[in-house]
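Visitor: Based on what follows, work out the 3D shape:
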Amino acid sequence: MRRFTCALTLCTFALATSACGRNEADGPPPSDEDTLRGDDDDVDDGDDDAPADDDQPACTTVAARPGTVITTSGAVTGQKTDTTWSWKGVRYAEPPVGELRWKPPVPASCVATEVFASAFGPTCPQLSDGTVIGNEDCLTLNVWAREDAHDAPVLFFVHGGGNAQGTASDPLYDGHELATRTGAVVVTIAYRLGALGYFTHRGLDAESTHAVSGNYGILDQQAALRWVQANVAAFGGSPTHVLLFGESAGGQNTLVHIASPLSAGLFHAAIVESGGVYRTTIEDAQAAMQELVAAVDCDDAIDEVACMRGRTVDSIVGVPSAIGPLEGEGMRYGPVVDGYVLPMNAADALASGTHNHVPLVIGTNAEETSRMVAAVETPEQYAAAVRAQYGLTLGNQLLAIYPAADYPSPRYALVRLTTDVIWTCPARSLALAAATHQSEPVYRYYFTWHGPGIGGAIVGATHGIELPFVFREFEAFGYSPTPDDLVLSEATQRYWTRLAGGGDVNGPGDITWPRYDTSDPYLTFGEDITAAAGLRSEQCDAVDALAASL
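Guide: Here you go, the predicted model:
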């Protein structure tokens, strides 16, 4: 039975009613071992937590002034809106083009001239409605900080999209409101996606000091985290209070960083929003990637890697890929267990206690799959859909746990089953493993808010619905929040920011969020915020018994 990952792009939906450059003269690029650090001079294994020295000389003669920050890659000047500055499209790595395609990121070189950072950088190449969009030169980040920011907590966000879609310039992820209302410094990043971010091949292994390939999107995120460590103080942030958080594939990637020794020390707390575990090995991925090699007519080449590097972005990215966990067609991309970047999958790392121990929040939504499942109308259609997804034997076992008669409709039964199997129950296992093997606090949440009316009830607390509350960005979906919605948003932002500030989510005036333990305590974010314990325990006990087959 296929083991599904848990990534899905957050498609646009109305919350209430709808479903939804490097020059050749510079010489050859450095090796992958050289580029894992924040500098090119002192080579190590990539495990060094410290990037370039804070007092390293800058190449620019531009003087710092309000809105102009001197970074390790030069002077960047932002734009001010009300009391908050933004710096957009700031390069953190060299363009991964030409010989740097399918190489670890090279830290951005210092630019002597002042860079006006007023526009988002390009979207990384991806397939959107059958059309390739984006630009391979896309490794940029965005920063928002209040004018009075000083030693502020840092909220570093990784977007979702199945590691094949998504962009940091999505209006949903605009950090202005989050930074303005919390005082935190907010960072969003672009990173390589799809085939350009996760292609793995034995020929690429041979180029690597560590004899592995793939995981370039993860290495990009680590490079951005190193850039933040080196530079965020200049924006008013604290490099010792960095919260790494992501949603969907971004949540899965957050788990990868929790498991990766190369990410140690680059963040100090983490939130996994609707994320799951990547279990694909590099060997299995390389076998699957031969389908991509054949699709671009490089399977007969003497040097397949050279042939692939010679192909256009459109030809590579144009090969269809699967995005969601319930999609069965197309190439599937994501991090792989390679023994180096990811020595073992995150579930095993948490279970063994070998992960990066940081204060951690793991959460899911009540109806994650409401925009993903088939439109079944009868119990027979429901049973057929489950068997088609999971096979006859396992499907029948799941149908016994989730009989259609126990739910308001066959469709809701399918939503409930798939949400529990893919998100709710695995989150319980991950939270328990983390809480068992670290002294730092672990917390669990369950987001149940949904929009008003029949449309809101149908969509429910769908995948990604917490994001407008985290960023306080509702207008992107044509939804006008109620006063109660804004209260929920403000509370969510406070919990998130307090975790970044010191590892404890709790504070005056808010419901106490209990630390995770064997009683399965969690906080519900819905019409009200409430604390409870034992989330869908009976169903998850039964699902856990089948986990090896899922």
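Visitor: Report the contact partners of the nearest residue to Thr182 once chain neighbours are set aside.
Guide: Closest residue in space to Thr182, ignoring its immediate chain neighbours: Thr497 at 4.3 Å, by CB to CB, 6 or more residues apart in numbering. In short, each C-beta sits where N, CA and C put it, glycine included. Taking CB atoms under 8 Å, 6 or more residues apart in numbering, we find Thr497 in contact with Pro153, Leu155, Thr182, Gly183, Ala184, Leu243.
Visitor: ok, these vs Thr462, which is closest?
Guide: Leu155 (23.1 Å; CB to CB).
Visitor: Can you spell out which helices and strands pack onto whichever strand or helix holds the closest one?
Guide: Element membership of Leu155 [criterion: DSSP states H and E] is strand 152-158. Strand 152-158 is packed against helix 176-182, strand 185-189, helix 216-231, strand 237-247, helix 249-259, helix 483-502, with contacts defined by 3 or more CB pairs under 8 Å, 6 or more residues apart in numbering; DSSP states H and E.
Visitor: possible to save the ones you listed as a markdown table with mean pLDDT and distance to Val543?
Guide: As requested, the helices and strands packed on strand 152-158 are arranged in a markdown table below (pLDDT from 0 to 100; distance: least, CB to CB, whole Å):
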| stretch | mean pLDDT | distance to Val543 |
| --- | --- | --- |
| helix 176-182 | 98 | 34 |
| strand 185-189 | 98 | 34 |
| helix 216-231 | 98 | 28 |
| strand 237-247 | 98 | 23 |
| helix 249-259 | 98 | 19 |
| helix 483-502 | 97 | 28 |
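Visitor: Out of those, which gets nearest to Ala547?
Guide: Going by CB to CB, the one of those nearest Ala547 is helix 249-259, 16.4 Å.
Visitor: what is the orientation angle of that closest one with strand 237-247?
Guide: If you take axes from the mean of the first three to the mean of the last three CA atoms, to 10 degrees, helix 249-259 sits at 120 degrees to strand 237-247.
Visitor: State the next helix or strand along the chain beyond helix 249-259.
Guide: strand 269-273.
Visitor: Can you name the element that comes right after that following strand?
Guide: Once the chain leaves strand 269-273, the next helix or strand it forms, by DSSP H and E, is helix 282-295.
Visitor: just checking, what packs against the helix or strand that that next one is followed by?
Guide: The helix or strand immediately downstream of helix 282-295 is helix 304-310, counting by DSSP H and E. Helix 304-310 is packed against helix 202-207, with contacts defined by 3+ CB pairs under 8 Å, 6+ apart.
Visitor: Give me the contacts around the helix it packs on.
Guide: Defining contact as CB under 8 Å, 6+ apart, one finds that helix 202-207 is touched by Asp32, Trp102, Lys103, Ala211, Val212, Ser213, Gly214, Gln286, Asp303, Glu304, Val305.
Visitor: For that helix, buried residues please.
Guide: For helix 202-207, a neighbour-count test (16 or more other CB atoms under 10 Å) marks Gly203, Leu204, Asp205 as buried.
Visitor: hmm, which of the contacts of helix 202-207 are the buried ones?
Guide: Asp32, Trp102, Lys103, Val212, Ser213, Gly214, Gln286, Glu304, Val305.
Visitor: wait, which of the residues you listed is closest to Ala347?
Guide: Among the buried ones among the contacts of helix 202-207, and counting by CB to CB, the member closest to Ala347 is Gly214, at 19.3 Å.
Visitor: Give me the distance between that closest one and Trp513.
Guide: Using CB to CB, to the nearest Å, Gly214 is found at 37 Å from Trp513.
Visitor: and Asn365, backbone torsions?
Guide: Taking degrees, to the nearest 10, you get phi -110, psi 160 for the backbone angles of Asn365.
Visitor: now the helices: where do they sit in the stretch 301-450 of the chain?
Guide: Under the criterion DSSP state H, counting those that start in this stretch, the stretch 301-450 of the chain contains helices at 304-310, 313-317, 346-352, 379-390, 392-401, 410-419, 425-437.
Visitor: Save those as CSV, and put in mean pLDDT and distance to Thr81 too.
Guide: Formatted as CSV, the helices of the stretch 301-450 of the chain follow (pLDDT from 0 to 100; distance: least, CB to CB, whole Å):
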stretch, mean pLDDT, distance to Thr81
helix 304-310, 97, 41
helix 313-317, 97, 34
helix 346-352, 97, 38
helix 379-390, 97, 46
helix 392-401, 98, 50
helix 410-419, 98, 38
helix 425-437, 98, 36
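Visitor: just to revisit the earlier point, name every strand pairing with the strand holding Leu155 and say which way it goes.
Guide: Sheet pairing of strand 152-158 (DSSP bridges) gives strand 185-189 (parallel), strand 237-247 (parallel).
Visitor: ok, and which of the ones you listed has the densest surroundings?
Guide: Compared across the strands paired with strand 152-158, strand 185-189 shows the largest average neighbour count, a mean of 28 (mean count of other CB atoms under 10 Å).
Visitor: List just the nearest of the buried residues of helix 202-207 to Leu414.
Guide: Checking those one by one against Leu414 (CB to CB), the nearest turns out to be Leu204, at 40.0 Å.
Visitor: ok, now how distant is the closest one from Gly318?
Guide: Distance, Leu204 to Gly318, by CB to CB: 21 Å.
Visitor: tell me the contacts of the residue nearest to Gly74 when sequence neighbours are not counted?
Guide: Of all residues not flanking Gly74 in the chain, Val111 sits nearest, at 3.8 Å (CB to CB, 6+ apart). Contact analysis of Val111 by CB under 8 Å, 6+ apart lists Cys59, Thr60, Ser73, Gly74, Ala75.
Visitor: go again using 10 Å as the cut-off
Guide: Val111 makes contact with Ala58, Cys59, Thr60, Val62, Thr71, Ser73, Gly74, Ala75, Val76, Arg91 under the criterion CB atoms under 10 Å, 6 or more residues apart in numbering.
Visitor: By mean pLDDT, flag the weakest helix or strand of the protein.
Guide: helix 32-35 (a mean of 39; mean pLDDT, DSSP states H and E).
Visitor: Please verify my assumption that Asp82 contacts Glu147.
Guide: Yes: between Asp82 and Glu147 there is a contact under CB atoms under 10 Å: 9.1 Å.
Visitor: neighbour count winner among those two?
Guide: Comparing Asp82 with Glu147 by neighbour count (other CB atoms under 10 Å), the higher total belongs to Glu147, at 12 against 9.
Visitor: quick one: that one from Trp513, how far?
Guide: Taking CB to CB, one finds Glu147 at 31 Å from Trp513.
Visitor: Can you list the buried residues in stretch 112-132?
Guide: For stretch 112-132, by 16+ other CB under 10 Å, it's Glu114, Val115, Ala117, Phe120, Gly121, Pro122, Thr123, Cys124, Pro125, Gln126, Leu127, Val132.
Visitor: Please consider this matter closed, and thank you.
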